[in-house]
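>>> the sequence and its predicted three-dimensional model are supplied below.
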Amino acid sequence: QKEVEQNSGPLSVPEGAIASLNCTYSDRGSQSFFWYRQYSGKSPELIMSIYSNGDKEDGRFTAQLNKASQYVSLLIRDSQPSDSATYLCAVKTPSYGKLTFGQGTILTVHP
Amino acid sequence: DTEVTQTPKHLVMGMTNKKSLKCEQHMGHRAMYWYKQKAKKPPELMFVYSYEKLSINESVPSRFSPECPNSSLLNLHLHALQPEDSALYLCASSQQGGETQYFGPGTRLLVL
């Protein structure tokens, strides 16, 4: 079992729709969770961080964390073509400072 | 300001060359990281520096040699690389405690 798993996609949604990206992790001791967006040829850009169970909202983005189910998700409301990118889920493992990344989900928002 | 800078943006080198990648941050972060990213794969951790000391080496071949001259700078010295080392090399930094990591723009390396 991989430490952090994401659906690789591609996930295709129409403009204006809600895009839902999912991530599961295997280490129950994990405490910090991050979503990064990466455009083709660019470096990862932090979108959201979440540490507690529940929802965290920032503009059009909502991160959801359920530690009991070892599940973290990212919802993008009113999706725009500029949201088309690879979304990386990252989990901080109990070992110091190490982020474990999922394989990434490719999102395409079509007009 | 959450800016991490990296130079050069692109680098082409032969297998016998010696080159260095540079990374700089002025956010007062005390942890700095090198990652390697191949196409369509997630970043892979190579090294972690904490308070200018190497704290994690993910079993990286010795042809990659990291250096942290001070709290703002991180170098990656390259020597006798192989074509399979061609990748995007990413630097990141974080506050002590390693919570949120901020990435630089990366150096795209091609080894011929």
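Received the coordinates, thanks.

>>> hmm, who's touching the lowest-mean-pLDDT helix or strand in chain B?
Least confident element among the helices and strands of chain B, by mean pLDDT, DSSP states H and E: strand B:53-57 (a mean of 90). When contacts are defined by Cβ atoms under 8 Å, 6 or more residues apart in numbering or on different chains, strand B:53-57 is touched by residues A:Tyr96, A:Gly97, A:Lys98, B:Leu45, B:Met46, B:Phe47, B:Val48, B:Tyr49, B:Pro66, B:Cys68. No exception for glycine: its C-beta is placed from N, CA and C like everyone else's.

>>> with pLDDT and neighbour count added, can I get those in CSV?
Formatted as CSV, the contacts of strand B:53-57 follow (pLDDT from 0 to 100; neighbours: other Cβ atoms under 10 Å in any protein chain shown):
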residue, pLDDT, neighbour count
A:Tyr96, 57, 13
A:Gly97, 60, 20
A:Lys98, 83, 16
B:Leu45, 94, 20
B:Met46, 96, 20
B:Phe47, 95, 21
B:Val48, 92, 22
B:Tyr49, 93, 21
B:Pro66, 97, 20
B:Cys68, 96, 18
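
>>> quick check: which element contains the residue nearest the centre of chain B?
Closest residue to the average C-alpha location of chain B: B:Trp34 at 3.2 Å, with Cα atoms, centre = their mean. Here B:Trp34 sits within strand B:31-37, counting by DSSP states H and E.
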